[in-house]
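Peer 1: Next come a sequence and a model predicted from it.
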Amino acid sequence: MSWLSTRMSSYQMNYFLKGSVSQASLALQRAGQELSTGRRADMFGDLGPRAGVAITMRAREENTQSYIEANKVLENKLEAMLSAIETVRGPVEDVLQAAIVNKESKSLGAAAIQAQARAALETVIGTLNISFNNEFLFSGTTSNAPALNRWDSADADTGLSPEDVIAAVLGSGPTSTADVTTMMAEIDQIFDGTHSNANYHFEASFYNGTPELDGGGVPNNRIAGRLDQDQELVYGVQANDQGFRDVIKGLAVLAAVDIQDIADEDTYRDWMDAAVNTLSDGQQGVLAASANLGFNQQVVENAKLRLEDISIVQRKQITTYENIDPYEVATRMSSLETQLQASYSVSSRLSNLSILDWYR
């Protein structure tokens, strides 16, 4: 070996030095990349079989982040739904209080109740038709359509508006206590879907979303969201839930009839009693929906916090595999720079050799 080295030509020496310089330059470039990014430039080469573990952990972390982002969107969606429900409760409560004041007899505010109830109807319907990310929030799984028809807008299938249906049943209003009983029974049939005229049903001429029951009488699925790989949350609140039906029914009774035209006192009291009881039931139902949404918000928040904690652990584990020690890399770079400088110096001296040097 010493014989070969002592007899190696300057060309061969220069060739080997160029190869050494090239390798050292590549190593220096890689070390610089690692120092700037903080991550291994060749994870497979450095980790060998352990690289598969790092890839699996990275995929798991990406999956966790997707759930975190989805939960953030769901939080905003639930907040929008809760805000809408609170908006519904306000005008309904105002009408309810006015009706209670006028329940036994007509007071000064009786003249305004019909207009107040009609305005509240418009607010309730408009609010329950809100959308979020191009999805109508209270339409159930049929989220591409507004939940409710406008009060005076005809349904595309039945050709009847909600106002048409109520007017067909109530006409000019009750004139006796018997009328109150008959009319309210028919109104109940409209809102519970048992009326003999199917076009009068709430889910036919009032509501456009997912029906409460399918064709076989089985409850339809509600909107649900997956909080993580193992947890699903059913959070759907629909405009055909009983609380909203009662609210619309109570407001419709007061909006369709001018209570000042009810001359008989007993008839008036029975009519107002029915309206107040229906609105009270509706308010209780809407309040329950609000409380349920608030509970669901807490469930989503807890799931998001749990996933964020898991993400912290996973990212620390990934760091141990993918990241480099900057001090070790800096030391390696310094060594490579020294090596390159020595190689450049030798190459420079070899390139300056001449046959004339042998005669000196």
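Peer 2: Noted; the coordinates are in hand.

Peer 1: I'd like to know the phi and psi angles of the residue nearest to residue 110 when sequence neighbours are not counted, please.
Peer 2: Of all residues not flanking residue 110 in the chain, residue 102 sits nearest, at 4.8 Å (CB to CB, 6 or more residues apart in numbering). (Each C-beta comes from the backbone N, C-alpha and C, glycine too.) With angles defined as degrees, to the nearest 10, residue 102 sits at phi -100, psi 10.

Peer 1: Same check on residue 233?
Peer 2: The phi/psi pair for residue 233 (degrees, to the nearest 10) reads phi -120, psi 120.

Peer 1: what residues are up against it?
Peer 2: 74, 224-227, 296, 299-300, 303 (CB atoms under 8 Å, 6 or more residues apart in numbering).

Peer 1: can you check residue 289 too?
Peer 2: If you count contacts by CB under 8 Å, 6+ apart, residue 289 has them with 85, 237, 241, 243-244.

Peer 1: Now which of those would you call buried?
Peer 2: Neighbour counting with 16 or more other CB atoms under 10 Å marks 85, 237, 241, 243-244 as buried within the contacts of residue 289.

Peer 1: neighbours around the closest residue to residue 139 other than its chain neighbours, how many?
Peer 2: Distances taken as CB to CB, 6+ apart place residue 209 nearest to residue 139, at 3.4 Å, with adjacent residues excluded. By the criterion of other CB atoms under 10 Å, residue 209 has 25 neighbours.

Peer 1: and if you look at residue 195?
Peer 2: Other residues close to residue 195 by other CB under 10 Å number 19.

Peer 1: and it, what is it in contact with?
Peer 2: 186, 189, 201.

Peer 1: and if you look at residue 113?
Peer 2: With CB under 8 Å, 6+ apart, residue 113 has these contacts: 95, 98-99, 102, 254, 259.

Peer 1: what do you get if the cut-off is 10 Å, keeping everything else the same?
Peer 2: With contacts defined as CB atoms under 10 Å, 6 or more residues apart in numbering, residue 113 is in contact with 95, 98-99, 101-102, 106-107, 254-255, 257-260, 272, 275.

Peer 1: Doesn't it belong to a helix?
Peer 2: Yes: under DSSP: H, G, I helix; E, B strand; the rest coil, residue 113 sits within a helix.

Peer 1: Now residue 243: closest residue in space, sequence neighbours ignored.
Peer 2: residue 285 (2.0 Å).

Peer 1: in a helix, that's where that neighbour is, yeah?
Peer 2: Yes: assessed by three-state DSSP, residue 285 belongs to a helix.
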